[in-house]
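S.K.: Sequence and predicted structure, then a few things I'm wondering about:
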Amino acid sequence: MTKFTAGDMLDLRAQFPALHQNVYGKPLVYLDNAATTQKPQSVIDRIVAYYSNENTNIHRGVHYLSHQATEAYENARISVARFINAAEAHEIIFTRGTTESVNLLAGSLKQFLLQQGDSVLITGMEHHSNLVPWQQVCFQNKAKLLVAKLTDKGEIDLEQFSQLLAQKPKLVAITHISNALGTINPVKEMIHMAHEQGIPVLVDGAQSVAHTSVDVQDLDCDFFVFSGHKMYAPMGIGVLYAKTDWLEKMPPWQFGGEMVDQVSFEETTFNRLPFKFEAGTPNVAGVLGLEAAMKFIRQYDMKSIETYENGIVQQALEMLQTIPGMRFIGEAAHRAGVISFVVDGTHPTDIGTLVDKMGVAVRTGHHCAQPVMTRFDVPGTVRASFALYNTEEEVEKLVKAVEKAVNMLR
Amino acid sequence: MTIAETQQEIISEFSMFDDWMDKYNYLIEMGKDMPKIDERFKTNNHLISGCQSRVWLHSELKEGKISFTADSDAVITKGIVNLLIRVFSGHTPEEVLEANTDFIDQIGLKEHLSPTRSNGLVSMLKQMKLYAQVYKLKQDN
């Protein structure tokens, strides 16, 4: 593991083919990493190698290829467990992504944990993926959705959070890092607070796994979910981590092949962990791609990735701040590589449209967090989000592009 | 001027622009210049769905011809909306229904017409044609 420095940048960027292209005749400046990151060659190669030489269905075959692929798939599970420091490999359930992970959990927990009159506690900064599933199971079970409020800086009001815990919700679901505000939540402290009341906690790590070290045992979260594609891995692969005790208690969510033990027309017994939660043929290539992405990240010391990305974000914040009318949405003291902003007298989509013409890819809109936009009374924001391959030069291009757009619009 | 003539006029205006900045500056100017919609029509009933920016569209039939007015909170969207209004307003429902919209491609704004694009131009066009359809049905009855 080496320290990651700005000097590594050229070599590192060279590993991402998609970064080396022109859009509208200008070099692409890719700052939509909170939506999805680009993929390094090693991840692309892993997927190609799988389909070129190793493709077969896993777990059932007696033949050579099936043994090989099954072993590769199960080894990847061990790699993922190590990456987030899960105690057991069977605590890693592969899904299609964060959204499916949350749906799996909601679909399973609602069957035994959530009764009429119970509640689930979320926060006001959740992505729709960690909001709508809970809202819907609450509707179905006649339970109540409690929402922890945000301060004007875009941080969770911990005092109010603690009051809501006193209402004894059956589950707390919180995001690690807000995709709309960039806030890093004090999840460890919040988990501790919830556990003192005996309440389990789900952490949505979609925006955190690629940018900060995650140790699920140290956090002591009961559940942790994330997607591969926001951490340099392919789309369509994600993870639900859950403590063994929970997985044993949880009924399966989807039924079919692979997740069963014995099947007759009268009854079915289910497979052991983790297979009882993985119905159907899994995304083997995705899992192997995810493992390759983790290997890619692990070349570097996570702390130094964090330090480098922080430097880029600080530079971007300072430079953007000089644009007249600039207003950041989300000014948490502890923040990650997501910068959301509006500029007085302009509309976010207009800025997005114009900077796109200058080769700068940002996202505009509500970022699948409409209640956050309502909270801050904006129609949407412009969001620039960073990854470890972004450079100071790209930050300068972003700022120049935004300046130019604002001048055109005013 | 017929719809086709107005479209031709717009195509020749856009052909004078050397680069994207000129083009977008023009759209922005047109957005700023757009006649204001009557405030009482800026309601959810007039809001076009599927837009990242909000677009309100109102129409009236005056002496057999449709008059469109619109507004948006985003100025580039407003500029594009203004173009559409310039093309379609003041024409009969039949003319609006029959008109094609190839000119948008020809002036290099096709990307704004892609159905996956969330600026709502597609919804806006659909809504204009829908109004025309309704007026036509009313007339036919």
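M.R.: Structure received.
S.K.: Can you get me a residue count around B:N141?
M.R.: By other Cβ atoms under 10 Å in any protein chain shown, the residues close to B:N141 number 5. No exception for glycine: its C-beta is placed from N, CA and C like everyone else's.
S.K.: In space, what's closest to A:L121 - neighbours in sequence excluded?
M.R.: Closest residue in space to A:L121, ignoring its immediate chain neighbours: A:P169 at 4.0 Å, by Cβ to Cβ, 6 or more residues apart in numbering or on different chains.
S.K.: how about that neighbour, phi and psi?
M.R.: phi -60, psi 160 (degrees, to the nearest 10).
S.K.: so what's it up against?
M.R.: A:118-121, A:146, A:199 (Cβ atoms under 8 Å, 6 or more residues apart in numbering or on different chains).
S.K.: and B:S123, how far is that from B:K110?
M.R.: Distance, B:S123 to B:K110, by Cβ to Cβ, to the nearest Å: 16 Å.
S.K.: Can you name the residue of chain A nearest chain B?
M.R.: Minimum separation of chain A from chain B (Cβ to the nearest Cβ) falls at A:H347, amounting to 3.7 Å.
S.K.: Kindly give the local confidence score, pLDDT, for the closest residue to that residue other than its chain neighbours.
M.R.: Closest residue in space to A:H347, ignoring its immediate chain neighbours: B:A74 at 3.7 Å, by Cβ to Cβ, 6+ apart. For B:A74, the model assigns a pLDDT of 90.
S.K.: what about A:T307, distance to B:K65?
M.R.: Taking Cβ to Cβ, one finds A:T307 at 65 Å from B:K65.
S.K.: re the thing from before, tell me which of B:S123 and B:K110 has more neighbours.
M.R.: B:S123 (18 against 12).
S.K.: Would you verify that that one is located in a helix?
M.R.: Yes: B:S123: assigned to a helix according to DSSP: H, G, I helix; E, B strand; the rest coil.
S.K.: The chain: helices as residue ranges?
M.R.: Unless you meant another one, I'm taking chain A. Taking DSSP state H as the criterion, chain A contains helices spanning A:9-14, A:41-49, A:64-83, A:98-109, A:132-141, A:158-165, A:187-196, A:216-219, A:244-249, A:284-298, A:302-321, A:348-357, A:370-375, A:392-409.
S.K.: wait, I meant chain B there
M.R.: Using DSSP H, helices in chain B cover B:3-14, B:20-33, B:75-88, B:93-98, B:102-106, B:121-140.
S.K.: now for those, which one comes closest to A:L388?
M.R.: Ranking those by proximity to A:L388 (Cβ to Cβ) places helix B:20-33 first, at 30.9 Å.
S.K.: per-residue pLDDT, the nearest residue to A:M319 once chain neighbours are set aside?
M.R.: Leaving aside its sequence neighbours, A:M319 sits nearest to A:V399 (Cβ to Cβ, 6+ apart; 4.4 Å). On pLDDT, A:V399 comes in at 98.
S.K.: Go ahead and confirm the residue nearest to A:H347 touches A:G345.
M.R.: No: the pair B:A74 and A:G345 does not pass the contact test of Cβ atoms under 8 Å, sitting 11.9 Å apart.
S.K.: the more surrounded of the two?
M.R.: B:A74 (29 against 11).
S.K.: Could you pull up the residues touching A:Q111?
M.R.: A:Q111 neighbours (Cβ under 8 Å, 6+ apart): A:P251.
S.K.: Please report how far it lies from A:M250.
M.R.: For A:Q111, the distance to A:M250 - Cβ to Cβ - is 8 Å.
S.K.: burial of A:E331, as a residue count?
M.R.: By other Cβ under 10 Å, the burial measure for A:E331, its neighbour count, is 17.
S.K.: how about B:T6, what does it touch?
M.R.: Per Cβ under 8 Å, 6+ apart, neighbours of B:T6: B:86-87.
S.K.: which bits of chain A sit near chain B?
M.R.: When proximity is defined by Cβ under 8 Å from any Cβ of the partner chain, chain A lies next to chain B at A:24, A:346-350, A:353-354, A:357, A:364-365, A:379-380, A:408-409.
S.K.: Identify the farthest-apart pair in those.
M.R.: In terms of Cβ to Cβ, those reach their longest pairwise distance at A:Y24 and A:P379, which sit 25.9 Å apart.
S.K.: Now residue 106: closest residue in space that isn't a chain neighbour?
M.R.: With no chain named, the answer covers chain A. Excluding its sequence neighbours, the residue lying closest to A:A106 (Cβ to Cβ, 6+ apart) is A:P133, at 4.1 Å.
S.K.: hmm, I had chain B in mind actually
M.R.: B:Q106 sits nearest to B:I11 (Cβ to Cβ, 6+ apart), 5.1 Å away.
S.K.: Next: B:T77.
M.R.: B:S53 (4.6 Å).
S.K.: Spit out the contact partners of whatever residue of chain B ends up closest to chain A.
M.R.: Proximity of chain B to chain A (Cβ to the nearest Cβ) peaks at B:A74, 3.7 Å away. Contact partners of B:A74, counting by Cβ under 8 Å, 6+ apart, are A:347-350, B:52-54, B:119.
S.K.: Before we move on, what's the pLDDT of the most centrally placed residue in chain B?
M.R.: When Cα atoms, centre = their mean is applied to chain B, the residue found nearest the centroid is B:L84 (2.5 Å). B:L84 carries a pLDDT value of 92.
S.K.: same deal with B:S118?
M.R.: 53.
S.K.: thinking B:W20 is in contact with A:V23, fair?
M.R.: No: applying Cβ under 8 Å, one finds B:W20 not in contact with A:V23, separated by 11.7 Å.
S.K.: returning to what we had before: show the buried residues in the residues of chain A next to chain B.
M.R.: Taking 16 or more other Cβ atoms under 10 Å in any protein chain shown as the criterion, what is buried in the residues of chain A next to chain B is A:346-350, A:353-354, A:357, A:364-365, A:379-380, A:408-409.
S.K.: Output those in TSV; the columns should cover pLDDT.
M.R.: What follows is those, written out as TSV (pLDDT from 0 to 100):
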residue	pLDDT
A:T346	95
A:H347	94
A:P348	95
A:T349	91
A:D350	93
A:T353	92
A:L354	95
A:K357	93
A:T364	94
A:G365	90
A:P379	90
A:G380	94
A:M408	96
A:L409	95
